[in-house]
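S.K.: Pasting the sequence and the predicted model now:
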Amino acid sequence: MRKGAVPVSEINDREQTEEEPLRRRKWTGYAGWRRGNRGRRARVRSRCGRNRRRRQKHGIRRRQARAAWFFLAPSLAGVVVFTAVPFVDVVRRSFLDAMGRTRVGLANYAAVCGNTAFRLAASNTVRFLAVCLPLLMLTSFALALLVFRRDGKGNLYKTTLVLPMVIPVAAMVLVWKIVFCQDGLLNELLNWLAGAAQVIKVWDNDWVNSSAAFPILIITYIWKNAGYDLLLWLAGLASISESLYDAARVDGAGAWARLRYITLPGLSGTFGLVLILSVVNSFRVYREAYLLAGSYPDMSIYMIPHLFSHWFLTLDVQNMCTGSMLLVTAALAIAAAAGLARLMFRRLGKSG
C-alpha cells in the first residue's frame, strides 16, 4: 500500500455513511408525505375500529342490563311492597304507642326487655344457639369427613345420613313422642332393665315435659338437620383439588397436617355459609318444640317463636314490632360474628 493511501475498508464505510442520508431522503417529499399519511390513516382507522367495537359492547351491555331490570322489576316490586314497606312500618311502630299515634321513644324497648316471658324466651334461644350450633356443625363436619369419597363408594352412607332431612316434621315428632312419652319405649326399656337388675323402681316419666326436654330437643334438631349441613360440607370438600393432598402426601404430611393446612383453609367460604344457614334454620326449631310439647312447653324449651305466637294471638302489635327490631339487631350481630369467625377460620391454616 502506498504511503498516504486510504484503506479500502475505510472507503467502503465512508460510502455507506454517505449513502445513508440518501436512503433516508428517499421517502421525503410527496412520496414520504403519502407514506406517512397512509400510516396515520391506518392508525386512525384502527383507533376508530376499536372505539366502534367498544361502543358496540357498551351498547350490548346496556341492552342486557335493561332487559335484566325489566325481568327483575316484578320481583323487586313485590319485595318492596311486601317486605321493605312493612319493615319500615315495623321500625316506625316500635317507637309509637299501642294506638300508633304518640311517640314514646325507647319506652317500648325497655318494656319488652323487662318482660319476664321475653327474657325467658331470649335466654332459652341464646342457650339453644350456643349449645346446638357448635354440636351441629362439628357433627356434620365429622360425618362429612368420614363419608367423603371421590370414587362414589360412600353414597349409601350419604343417603342414610340425609334421609332424616326429607322426613316430614310431624312424622318425626310422632316417632319421638312414641319413644319419650309416659308410656313410651324409653320407659318400657328402663323398666325392663330395672326388672332384670332386680331394682324396685317404676319409670313413668313424661320426658318431653320435664327437665330433659332441652336435651331431647337438641338431639331431635341435630338428628333432623345434620344431613343438610352434611351436604354443604361435602360440596366444599369436593371443591378442593386432589392434587394438593397428593403433593402433601409426597412431602410426608400426615392426616392432621392435611386437615389443618389444606382442608380447613379450603373450607373457609363453606364455613361461613354453613354457619349462617344453621343460624337461620335454628329459629325453625319452634316446629319441633311445638309439636313435642304444645304451646306451653317446659320452661327450658320456651323459645322466641312461642312468645311471638302468643303476641300474635292477642294482637299485641306494639310488642311484636319492638321484639322484631331486637331480633333484627341480634341477627346483624350474629352475621358480624359469623364474618369474624370465617376470617379466623381462613387464617387458621396460615398460622404456624
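M.R.: That came in fine, so what should we check first?
S.K.: can you tell me the helix or strand for the residue positioned nearest the centre of the chain?
M.R.: In the chain, the C-alpha nearest the mean C-alpha coordinate belongs to L273, at 2.2 Å (CA atoms, centre = their mean). Taking DSSP states H and E as the definition, one finds L273 inside helix 268-282.
S.K.: by contact count, what packs against that helix?
M.R.: Judged by 3 or more CB pairs under 8 Å, 6 or more residues apart in numbering; DSSP states H and E, helix 268-282 is in contact with helix 116-147, helix 213-238, helix 317-348. C-beta here means a position set from N, CA and C on the backbone, and glycine is covered the same way.
S.K.: and the angle from the last one to helix 268-282?
M.R.: Relative orientation of helix 317-348 versus helix 268-282 (axes from the mean of the first three to the mean of the last three CA atoms, to 10 degrees): 160 degrees.
S.K.: Quick one: mean pLDDT over helix 317-348.
M.R.: Here helix 317-348 scores 79 as its mean pLDDT.
S.K.: got it, and the shortest one?
M.R.: Across helix 213-238, the average pLDDT comes to 86.
S.K.: can you list the weak-confidence ranges in this structure?
M.R.: By pLDDT under 70, the low-scoring segments of the chain are 1-49, 150-154, 198-202, 342, 345-346, 348-352.
S.K.: switch to 90 and redo it
M.R.: 1-76, 78-134, 137, 140, 142-352 (pLDDT under 90).
S.K.: winner for burial among the helices and strands packed on helix 268-282?
M.R.: Highest mean neighbour count of those: helix 213-238, a mean of 19 (counted as mean count of other CB atoms under 10 Å).
S.K.: which residues sit against the next helix-or-strand element following that one?
M.R.: Note on helix 213-238: by DSSP H and E, the next helix or strand toward the C-terminus is helix 242-250. Outside helix 242-250, the residues that touch it by CB atoms under 8 Å, 6 or more residues apart in numbering are R150, A257, R258, Y261, I262, G266.
S.K.: how about CSV for the helices and strands packed on helix 268-282, with distance to F70 added?
M.R.: Listed next are the helices and strands packed on helix 268-282 as CSV, based on distance: least, CB to CB, whole Å:
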stretch, distance to F70
helix 116-147, 41
helix 213-238, 33
helix 317-348, 32
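S.K.: looking at the ones you listed, which is closest to F180?
M.R.: Smallest distance to F180 across these (CB to CB): 6.0 Å, for helix 213-238.
S.K.: just the angle between that closest one and helix 116-147, please?
M.R.: Using the same axes, to 10 degrees, helix 213-238 lies at 40 degrees relative to helix 116-147.
S.K.: helices or strands up against helix 213-238?
M.R.: When contacts are defined as 3+ CB pairs under 8 Å, 6+ apart, helix 213-238 packs onto helix 116-147, helix 155-166, helix 169-180, helix 268-282, helix 286-293.
S.K.: circling back to that earlier point, I'd say the residue nearest to the centre of the chain and D229 touch.
M.R.: No: using CB atoms under 8 Å, L273 makes no contact with D229, being 9.8 Å away.
S.K.: returning to what we had before: buried set for the helix holding L273?
M.R.: By 16 or more other CB atoms under 10 Å, the buried positions in helix 268-282 come out as S268, T270, F271, G272, L273, V274, L275, I276, S278, V279, N281, S282.
S.K.: so how far is L332 from the residue nearest to the centre of the chain?
M.R.: L273 sits 18 Å away from L332, going by CB to CB, to the nearest Å.
S.K.: same check, this time on T125
M.R.: 16 Å.
S.K.: swap in I216?
M.R.: 31 Å.
S.K.: What subset of the contacts of helix 242-250 is buried?
M.R.: Here, 16+ other CB under 10 Å leaves Y261, I262, G266 buried among the contacts of helix 242-250.
S.K.: Among the residues you listed, which ones are in helices?
M.R.: Using DSSP state H, the subset of those located in helices is G266.
S.K.: and which of the buried ones among the contacts of helix 242-250 is nearest A238?
M.R.: Using CB to CB, G266 is the member of these that lies nearest A238, at 10.4 Å.
S.K.: Please look at that closest one and W233 and confirm they touch.
M.R.: No: the criterion here is CB under 8 Å, and G266 misses it with W233 at 11.4 Å.
S.K.: Please work out how many residues are found near R103.
M.R.: Number of residues near R103 (other CB atoms under 10 Å) recorded here: 9.
S.K.: when you give positions from now on, start the count at 774
M.R.: Understood, numbering begins at 774; the last thing we discussed is R876.
S.K.: Please report the distance of it from A917.
M.R.: 52 Å.
S.K.: Quick check: closest non-adjacent residue to L919.
M.R.: In space, and not counting its chain neighbours, L919 is closest to Y930: 7.6 Å by CB to CB, 6 or more residues apart in numbering.
S.K.: Was I right to think the one you found contacts V920?
M.R.: Yes: Y930 lies in contact with V920 (CB under 8 Å); the separation is 4.4 Å.
S.K.: For the buried residues of helix 1041-1055, could you give me a markdown table that also reports distance to D956?
M.R.: Below are the buried residues of helix 1041-1055 laid out as a markdown table (distance: CB to CB, whole Å):
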| residue | distance to D956 |
| --- | --- |
| S1041 | 49 |
| T1043 | 44 |
| F1044 | 44 |
| G1045 | 45 |
| L1046 | 43 |
| V1047 | 39 |
| L1048 | 40 |
| I1049 | 41 |
| S1051 | 35 |
| V1052 | 37 |
| N1054 | 32 |
| S1055 | 31 |
